[in-house]
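Student: Okay, sequence plus prediction incoming.
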Amino acid sequence: MPRYAALIYRVEADMPGQGAPPTEETRRAYEAWGAFNQAVREAGVLKMGNGLKPSSTATTVRVRDGRTVTTDGPFAETREQLGGMLVFECADLDEAIHWASQIPDASNGGAIEVRPLWEG
C-alpha cells in the first residue's frame, strides 16, 4: 500500500504553548490533536509522526565545490515554517488527502502538503 508524507506548515508565532502558561486555546489545540491521533491510529493509517522544534534550531547544509557549508536557520524565509511530518499508509492519494484534511493545523491557519514517498 502506498505511503504519503503529510508535511505540516504553520506560523510558529501562532502556535499555542510555546513556553507560555496553558490557555483555553492551548487546551482546545491539544484536545483536537489527541482526537486526530486516536482516529488515525484506530484507522491504521498512521505509520509515524513527529513535530519539529522551532525553525530557529534548524541548520541548513549545502555542499559547494566539495566543501560543506552550514547556515543557521531554515532554508527559506517564509511566513509559515515546517512544523512536523506524519506518514500515512493509504490506498490512494484521495484517502491521504482525507486524513490530511483532518489534521488540526489544516483548519487552524496552517497548510498541509501531501506528497507520495519513494518506495524502493
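Tutor: Looks like it arrived, so ask away.
Student: Every contact and neighbour count from this point should use C-alpha atoms.
Tutor: OK.
Student: how about low-confidence regions in the chain?
Tutor: 14-20, 74-78 (pLDDT under 70).
Student: the longest helix in it is where?
Tutor: helix 24-43 (DSSP state H).
Student: Buried ones in the helix or strand following that one, by neighbour count?
Tutor: Toward the C-terminal end, the helix or strand that comes next after helix 24-43 (DSSP states H and E) is strand 46-51. By neighbour count with 16 or more other CA atoms under 10 Å, strand 46-51 contains the buried residues Leu46.
Student: Please apply the same query to stretch 84-93.
Tutor: Quick answer for stretch 84-93 (16+ other CA under 10 Å): Gly84, Met85, Leu86, Val87, Phe88, Glu89, Cys90, Leu93.
Student: Would you mind measuring the gap between the ends of that stretch?
Tutor: 20 Å (CA to CA, to the nearest Å).
Student: mind checking how far that stretch is from the chain centre?
Tutor: 12 Å (CA atoms, centre = their mean, to the nearest Å).
Student: repeat for stretch 4-15
Tutor: 5 Å.
Student: Contacts for that stretch, please.
Tutor: 54, 79-90, 93, 96, 100, 105, 109-117 (CA atoms under 8 Å, 6 or more residues apart in numbering).
Student: Same question for stretch 63-75.
Tutor: With CA under 8 Å, 6+ apart as the criterion, stretch 63-75 contacts Ser55, Ser56, Thr57, Ala58, Thr59, Thr60, Val61, Arg62.
Student: where exactly do the helices run in the protein?
Tutor: Using DSSP H, helices in the chain cover 24-43, 93-102.
Student: Minimum distance to Pro2: which of those has it?
Tutor: helix 93-102 (8.6 Å; CA to CA).
Student: In a markdown table: the contacts of stretch 63-75, plus neighbour count and distance to Ala29.
Tutor: Formatted as a markdown table, those follow (neighbours: other CA atoms under 10 Å; distance: CA to CA, whole Å):
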| residue | neighbour count | distance to Ala29 |
| --- | --- | --- |
| Ser55 | 15 | 20 |
| Ser56 | 9 | 22 |
| Thr57 | 10 | 23 |
| Ala58 | 14 | 24 |
| Thr59 | 13 | 28 |
| Thr60 | 12 | 30 |
| Val61 | 13 | 33 |
| Arg62 | 13 | 36 |
